[in-house]
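quick one: sequence plus predicted model below, questions after.
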Amino acid sequence: MSPVKPGYTRPLDLRHGRIDMSHGSGGRSMVQLIEQIFLSAFDNPALAARDDHAVLATPPELALGGQLVMATDSHVVSPLFFPGGDIGRLAVHGTINDLAMCGARPLALSCALVLEEGLPLATRERVVDSIAAAARDAGVPVATGDTKVVERGKGDGLFVTTSGVGLVVDGVVLRPDRVRPGDAILVSGSIGRHGAAVLSVREGIAFESDLVSDSAWLGPLVAALLAAAPDAHCLRDPTRGGVGAVLHEIARGAGLEVEIDDGAIPVDAPVRAACELLGLDPLFLACEGRCIAFVAERDADRALAVLRAQPLGRDAARIGRVLDGPARVCVRTRMGGRRLLVLPAGDPLPRIC
């Protein structure tokens, strides 16, 4: 078992413990599972950075002019179709956005589907067409794949796993350990839209304004950002666990304090209404087309202007800063006080991606 960080996680009960829905939430239980089981079992240099991608050891004779990286994602969203997207579109965006967050250009995708006996062929065709369209829009081929079928009642319709390989050009390094005190924290748009959109369909909740997932390919936005701020320190897409989970991840990786301003965080009115109705915090709702950027203060205004000039970044905002303090996340409230942002132990919204 790997060491447990004091005050953050407690040892897993490997004798009597069982997997529950919280272990896939992006919160404390998932961090606990990853740190104490997966990282310990699979320990190798590619996992050392604990990112959503792996940097691959590339033989020098390949002379690629950059570094190969790899990312993988499994998708179990329920329902399969939701406003603004579906499991197929989500599967492509989830993986290629992970590559984009390290500055990589995606080269190829693999796609594996687990189908449940009895699934309508029309549903499978619709999902596959969506995968193909999303990959085509991003300019990346689906180069290989696999299909398995499980008995009726054992697969919940359809699951999708995608993996991607990309190339990061020499000189681009985006990692939590590059984050420094004084860095500005930017978000490329309003948060929580994907989680709220899936929730609205699943629970049959109607709002005055339509809730639509933000699922989108972030490559062009990231390219524009890096052109304006080539020394950006770290990027992340806030999927499972939302912005809150990403901020905790970066704070831990950097060993620094992250402070965000509650009044600066862009949240659309329908998302805020859904959160108030259901007792959810938009900071922990999944996004599937948003980017969190940590950039040096000198680059912050220029980077923010470039984000706002992109179609996906019109609502971009500066939401906080990095402080020279303990590895934690604090929120500066609208009243001027401060509170700790604590990762939820459970999963308020399972099967969201």
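Happy to help now that I have it.

name the element residue 294 belongs to?
strand 292-295 (DSSP states H and E).

residue 331 touches residue 319, doesn't it?
No: Residue 331 is not in contact with residue 319 according to CB atoms under 8 Å; the separation is 10.1 Å. In this view, the C-beta of every residue, glycine as well, is placed from N, C-alpha and C.

and for those two, which residues touch both?
Shared contacts of residue 331 and residue 319, defined by CB atoms under 8 Å, 6 or more residues apart in numbering, are found at 260, 261.

after the strand holding residue 294 comes which helix or strand?
Beyond strand 292-295 on the C-terminal side, the first helix or strand identified by DSSP H and E is helix 297-308.

and that next one, which residues are buried?
For helix 297-308, a neighbour-count test (16 or more other CB atoms under 10 Å) marks 299, 300, 303, 304, 306, 307 as buried.

try stretch 309-321
Neighbour counts using 16+ other CB under 10 Å place 310, 312, 313, 315, 316, 317, 318, 319, 320, 321 of stretch 309-321 among the buried residues.

what distance do you get for the nearest residue to residue 302 once chain neighbours are set aside to residue 100?
Leaving aside its chain neighbours, residue 302 sits nearest to residue 228 (5.2 Å; criterion: CB to CB, 6 or more residues apart in numbering). Note on residue 228: its distance to residue 100, by CB to CB, to the nearest Å, is 16 Å.

okay, the two: which has more neighbours?
Neighbours around residue 228 and residue 100, counted as other CB atoms under 10 Å, are more numerous at residue 100. The numbers are 28 against 17.

ok, that one - contacts?
Contacts of residue 100 were listed using CB under 8 Å, 6+ apart, and they are 106, 217, 218, 219, 222, 235, 237, 291.

beta partners of residue 108?
Partner residues in beta bridges with residue 108: residue 165, with DSSP bridges as the criterion.

so for the strand holding residue 294, what's the average pLDDT?
Across strand 292-295, the average pLDDT comes to 98.

so how far is that strand from its chain's centroid?
The chain centroid and the centroid of strand 292-295 are separated by 14 Å, computed with CA atoms, centre = their mean, to the nearest Å.

that strand pairs with which strands, parallel or anti?
Partners of strand 292-295 in its sheet, by DSSP bridges: strand 184-187 (antiparallel), strand 234-236 (antiparallel).

how many other residues sit next to the residue lying closest to residue 132 once chain neighbours are set aside?
Closest residue to residue 132 apart from its sequence neighbours, by CB to CB, 6+ apart: residue 142 at 6.9 Å. Here the neighbour count serves as a burial measure; for residue 142 (other CB under 10 Å) it reads 18.

is the residue at minimal distance from the centre of the chain in a helix, a strand, or coil?
In the chain, the residue lying closest to the centroid (CA atoms, centre = their mean) is residue 239, at 3.0 Å. Assigned by DSSP: H, G, I helix; E, B strand; the rest coil, the conformation of residue 239 is coil.

I'd like to know how far it sits from residue 75.
Per CB to CB, residue 239 is found 10 Å from residue 75.

anything in contact with each of these two?
Counting by CB under 8 Å, 6+ apart, the shared contacts of residue 239 and residue 75 are 94, 353.

just the closest of the buried residues of stretch 309-321 to residue 117, please.
The shortest separation between residue 117 and any of the buried residues of stretch 309-321 is 38.7 Å, and it belongs to residue 312 (by CB to CB).

so that closest one makes contact with residue 218?
Yes: between residue 312 and residue 218 there is a contact at 7.0 Å, judged by CB under 8 Å.

what average pLDDT does stretch 72-91 get?
Here stretch 72-91 scores 95 as its mean pLDDT.

list the buried residues in it.
By 16+ other CB under 10 Å, the buried positions in stretch 72-91 come out as 72-77, 80, 82-91.

got the residue ranges for the helices in the stretch 1-150 of the chain?
28-33, 39-41, 87-100, 121-138 (DSSP state H, counting those that start in this stretch).

deepest in the core, which of those helices is it.
Burial of the helices of the stretch 1-150 of the chain is given as mean neighbour count (mean count of other CB atoms under 10 Å); helix 87-100 ranks first at a mean of 28.

relative to helix 121-138, how tilted is that helix?
Relative orientation of helix 87-100 with respect to helix 121-138: 30 degrees, computed using axes from the mean of the first three to the mean of the last three CA atoms, to 10 degrees.

look up how far residue 213 lies from the nearest residue to residue 250 once chain neighbours are set aside.
Of all residues not flanking residue 250 in the chain, residue 176 sits nearest, at 4.9 Å (CB to CB, 6+ apart). In this structure, residue 176 and residue 213 are separated by 27 Å, where distance is defined by CB to CB.
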